[in-house]
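Peer 1: no FASTA, just this:
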């Protein structure tokens, strides 16, 4: 029986900070890019999400940080995607 105020989640939290992800990006003529979708693999299952909005963009030394939102199970969920410039690797921030 659920406790007052507790709602069981429909999915487990598969997005952990530092976890590598696959990201699809689009480029413009100024060689700038932004993510449009990302995917993560967990226990042999692949989960793919379309990014609905990029809220913020921050260019740090060695990393480019995107604060995004995606829609899953009818909820808008924030996610931070980090691109490591030196390794060419996308991570959950």
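Peer 2: Structure's in. What do you need? Every value quoted in this text rests on a predicted model; they were computed, and no experiment measured them.

Peer 1: When you work out contacts or count neighbours from here on, use the C-alpha atoms and nothing else.
Peer 2: Noted.

Peer 1: With adjacent residues omitted, what lies nearest to residue 20?
Peer 2: Spatial nearest neighbour of residue 20, excluding adjacent residues (C-alpha to C-alpha, 6 or more residues apart in numbering): residue 91 at 4.4 Å.

Peer 1: what's residue 44 sitting at in phi/psi?
Peer 2: phi 80, psi 0 (degrees, to the nearest 10).

Peer 1: And for residue 73?
Peer 2: Given degrees, to the nearest 10, the pair of backbone angles that residue 73 has is phi 60, psi 30.

Peer 1: Look up which residues are beta-bridged to the residue nearest to residue 20.
Peer 2: For residue 91, the beta-bridge partners are residue 20, residue 82 (DSSP bridges).

Peer 1: Could you verify my assumption that it touches residue 21?
Peer 2: Yes - with contact defined as C-alpha atoms under 8 Å, residue 91 and residue 21 form a contacting pair (5.6 Å).

Peer 1: ok, residues contacting stretch 49-57?
Peer 2: With contacts defined as C-alpha atoms under 8 Å, 6 or more residues apart in numbering, stretch 49-57 is touched by 34-39, 64-72.

Peer 1: Among these, find me the one that's closest to residue 25.
Peer 2: Using C-alpha to C-alpha, residue 35 is the member of the contacts of stretch 49-57 that sits closest to residue 25, with 4.2 Å.
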